[in-house]
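K.L.:
My questions are about this predicted structure, shown below with the sequence.
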Amino acid sequence: MPDGLPVPVTVERIKQETPSVRTFFFDTSFTFTPGQFMMVWVPGTDEIPMALSSENSITVQNVGEATAAIFTINKGGKLGIRGPFGNGFSKAEKFLAIAGGVGAAPLLPLARSDCVMTLLLGARTESELLFVDQLDECTDVLIATDDGSLGSRGFVTQLMDDLNLGAYDRIAVCGPEVMMRAVLGKVDEKGIAHKTEFSLHRYMKCGVGVCGSCCIDPSGLRVCRDGPVFTGDKLLKSEFGYYMRDASGRKKNI
Amino acid sequence: MVSIRPGRMIIGGVTLENHLLLAAGILGTTGASLSRMLTLGAGGVVTKSIGPEPKEGHAGPCLVVLEDGLLNAMGLPNPSKDFVDELLPLSKKPVVASIFGGTPDEFATVAGWFAGKVAGFELNLSCPHAEGYGAAIGSDPALVEACTRAVSRSGVPTWVKLTPNVTDITTIGKAAERGGASAIVAINTVKAMRISTAMRRPVLGNRFGGLSGNAVFPVAVRCVYELYDAVKIPIIGCGGIATADNVVEMMMAGARAVEIGSAVQADVTVFEKIRGKLYAKDGLDPDEIVGCAHA
């Protein structure tokens, strides 16, 4: 196997998607399965796991030190990319996709691969809805906002109640963990947790399944290698939705 | 291919299910992960190194996968005392707590948290990239002896993991033996660096790191061979072991058991795979091959 040093990429274009989210387009494309992730090196700051939103872009919400550093990058700036890593979403023909906030990023390439029949898109408010136009081009989009500024008022999970969930082969979910846990509760009630795929986010150091910083309780499965996509049956009696570990390995409640 | 007889054994005061331990720093951050590795065939597990204060570790990149090994600088991230709770479901299992400190007193303090809750300790006197810890102490024979004594006097089996980044590893091994070590683990990673030519800077966030995996196996075999001639306590071989034949080679150099780490990156079921090839009911008595390359 050749050396897996970070691949240097140059930022060619930056798009402001929402007030807190930007997409950074690279000069280099990657072959990947939707749901896989990359380790993104911001030289001098840190390296963090991120989903690709297309073969040559990451879509970033400014939430911490590393993402803030990415936001200071201008056209021509450099990042280092390791990956793709992890398993990605499964292959199916009729997906229902459920996206909350920046969780729409890994679901956009899934929708573009023409296998998503319906996508439920949620955000706090209209201006924070991500990829509305791009998603609308490739699938049926139903919208919910917490404040009712666009679409249904309330959580994206409520939109599930109006759908015949049996019409889909698989359900793909990515968003804040509280929202995903609510989805898990619903699909478990209907007995379809095993065909619902959740994309998890955990603190990671290595990204390749050796350091153990992203292991989940009680299975000990590695989010970076055995995931980041897990079916709901593997998450039912787990830490998912309750707690995660920080960089030191200490538990913190969600 | 040489095969050996299976069976439980006591190495350095610790009862192991087989000769293959999970090395420190690999999938050892949570109790659940350590349990999984025991289920996947490890004969014992060594935890992530635990220190006197919680540490978040170095900024990334913390690890890169190279053609022939792994280069890492995690920076001893650990939850400190909180880790005691992680191990509660693992009581009575072959769990060795890797611990570190900056002074003999700190080693004794951390060991005190785990006394009675683990099968033994492994002193990290060898991490090559943590200021004031690990190899910073582990290359000084007097400090190695003092830190070892601070833990071994408790009576709990005390293994000492050595750094290869010294001129003569046997002086450090002898110091650990004088300090009351029950076994020596050799080796930790080899201090190393890679530079991203595109970025014109070292790849690791910490700049320096440690090399493990296939690339360091010959270094590890040499160190175990030298230590076997220098100390009487058992040696546990570590460094680039990925196959049953590597295990046999390490045992012939003088190791009584081995630790496996980087090979988990290619295959998390590596313990089962090695066990399948290493053991046979009509295999040799392990005592026949330990150190046989010295004849």
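P.N.:
Yep, it's here.

K.L.:
mind checking which helix or strand B:V247 is in?
P.N.:
Using DSSP states H and E, B:V247 falls within helix B:244-253.

K.L.:
right, and the helix or strand after that helix?
P.N.:
Taking DSSP H and E, what comes next after helix B:244-253 is strand B:255-260.

K.L.:
The next helix or strand after that following strand close to chain A?
P.N.:
Remark: after strand B:255-260, the chain's next helix or strand is helix B:263-266, criterion DSSP H and E. Yes - with CB under 8 Å from any CB of the partner chain as the criterion, chain A is reached by helix B:263-266 at B:V264, B:Q265. C-beta: built from backbone N, CA, C; applies to glycine.

K.L.:
Which of the residues in helix B:263-266 are classified as buried?
P.N.:
Using 16 or more other CB atoms under 10 Å in any protein chain shown as the burial criterion, the residues of helix B:263-266 that qualify are B:A263, B:V264, B:Q265.

K.L.:
quick one: the second one from B:S182, how far?
P.N.:
Here the distance between B:V264 and B:S182 works out to 25 Å (CB to CB, to the nearest Å).

K.L.:
how near is A:G35 to A:K186?
P.N.:
Distance from A:G35 to A:K186, by CB to CB: 21 Å.

K.L.:
which residue sits closest to whichever residue of chain B sits closest to chain A, ignoring its sequence neighbours?
P.N.:
Nearest residue of chain B to chain A, counting by CB to the nearest CB: B:G60, 2.9 Å away. Distances taken as CB to CB, 6 or more residues apart in numbering or on different chains place A:E47 nearest to B:G60, at 2.9 Å, with adjacent residues excluded.

K.L.:
And A:D147, by the same measure?
P.N.:
Counting by CB to CB, 6+ apart, the residue nearest A:D147 is A:T125, at 5.0 Å.

K.L.:
what element comes up after the top strand by length along chain A heading to the C-terminus?
P.N.:
Using DSSP state E, we find that the single longest strand of chain A is strand A:7-18. Going down the chain from strand A:7-18, the next helix or strand is strand A:21-26, by DSSP H and E.

K.L.:
roughly how far out does that next one sit from the chain middle?
P.N.:
With CA atoms, centre = their mean, to the nearest Å as the basis, strand A:21-26 stands 15 Å off its chain's centre.

K.L.:
which helices and strands does that strand pack with?
P.N.:
strand A:7-18, strand A:57-61, strand A:78-85 (3 or more CB pairs under 8 Å, 6 or more residues apart in numbering or on different chains; DSSP states H and E).

K.L.:
So for chain B, which of those strands sits nearest?
P.N.:
Set against chain B and scored by CB to the nearest CB, the helices and strands packed on strand A:21-26 come closest in strand A:7-18, at 3.5 Å.

K.L.:
So what touches the closest one?
P.N.:
A:22-28, A:56, A:59, A:73-82, A:123, A:127-131, B:196, B:198-199 (CB atoms under 8 Å, 6 or more residues apart in numbering or on different chains).

K.L.:
Alongside chain A, which residues does the stretch 1-150 of chain B contribute?
P.N.:
Close to chain A, as judged by CB under 8 Å from any CB, the stretch 1-150 of chain B has residues B:25-30, B:32-37, B:48, B:54-57, B:59-67, B:70, B:72, B:74, B:77-80, B:82-83.

K.L.:
Got a PyMOL select line for the buried ones in those?
P.N.:
Filtering the residues of the stretch 1-150 of chain B next to chain A down to the buried ones (16+ other CB under 10 Å) takes a single PyMOL command:
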select buried, chain B and resi 25+26+27+28+29+30+32+33+34+35+36+37+48+54+55+56+57+59+60+61+62+63+64+65+66+70+72+74+77+78+79+80+82+83
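
K.L.:
So which of the residues of the stretch 1-150 of chain B next to chain A sit within helices?
P.N.:
The helices, defined by DSSP state H, take in B:A32, B:S33, B:L34, B:S35, B:R36, B:M37, B:F83 from the residues of the stretch 1-150 of chain B next to chain A.

K.L.:
Residue 13 - how many residues pack around it?
P.N.:
Using chain A. 12 (other CB atoms under 10 Å in any protein chain shown).

K.L.:
please go with chain B instead
P.N.:
17.

K.L.:
Contact partners for it?
P.N.:
Per CB under 8 Å, 6+ apart, neighbours of B:G13: B:G120, B:V156, B:P157, B:S182, B:A183.

K.L.:
Show me how chain A divides into domains.
P.N.:
Here the domain parsing of chain A from automatic domain parsing is A:7-85, A:95-253.

K.L.:
mind checking how far A:G44 is from B:V2?
P.N.:
Taken as CB to CB, the span from A:G44 to B:V2 is 50 Å.

K.L.:
These two: which is more packed in?
P.N.:
Higher neighbour count among A:G44 and B:V2: B:V2, with 17 against 10, using other CB under 10 Å.

K.L.:
The closest residue to the more buried one other than its chain neighbours: neighbour count?
P.N.:
In space, and not counting its chain neighbours, B:V2 is closest to B:V248: 4.8 Å by CB to CB, 6+ apart. Neighbours of B:V248 under the rule other CB under 10 Å: 23.

K.L.:
B:V248 touches B:I289, doesn't it?
P.N.:
Yes - using CB atoms under 8 Å, B:V248 is in contact with B:I289, at 6.6 Å.

K.L.:
what is in contact with these two at once?
P.N.:
In contact with both B:V248 and B:I289: B:V2, B:I4, using CB under 8 Å, 6+ apart.

K.L.:
picking up where we left off before, need the domains of chain A in JSON lines (columns: mean pLDDT and distance to B:W113).
P.N.:
Formatted as JSON lines, the domains of chain A follow (pLDDT from 0 to 100; distance: least, CB to CB, whole Å):
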{"stretch": "domain A:7-85", "mean pLDDT": "97", "distance to B:W113": "30"}
{"stretch": "domain A:95-253", "mean pLDDT": "97", "distance to B:W113": "15"}
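
K.L.:
Look up how far A:A69 lies from the nearest residue to B:C62 once chain neighbours are set aside.
P.N.:
Closest residue to B:C62 apart from its sequence neighbours, by CB to CB, 6+ apart: A:K205 at 4.4 Å. Distance from A:K205 to A:A69, counting by CB to CB: 18 Å.

K.L.:
Looking at those two, which is more packed in?
P.N.:
A:K205 (29 against 17).

K.L.:
Which of the three states applies to the more buried one?
P.N.:
Under the three-state scheme (DSSP: H, G, I helix; E, B strand; the rest coil), A:K205 adopts coil.

K.L.:
nearest to B:L204, of the buried residues of helix B:263-266?
P.N.:
B:Q265 (16.4 Å; CB to CB).

K.L.:
Do I have it right that the closest one meets B:L66?
P.N.:
No - B:Q265 lies out of contact with B:L66 (CB under 8 Å); the separation is 10.7 Å.

K.L.:
Need the overlap of contacts for the two.
P.N.:
B:G213.

K.L.:
Was I right to think the residue nearest to B:C62 contacts B:A73?
P.N.:
No - in this structure A:K205 lies outside contact range of B:A73 using CB under 8 Å: 9.9 Å.

K.L.:
what's the overlap in contacts for those two?
P.N.:
B:C62, B:L63.

K.L.:
B:A244 touches B:V270, doesn't it?
P.N.:
No - applying CB under 8 Å, one finds B:A244 not in contact with B:V270, separated by 10.4 Å.
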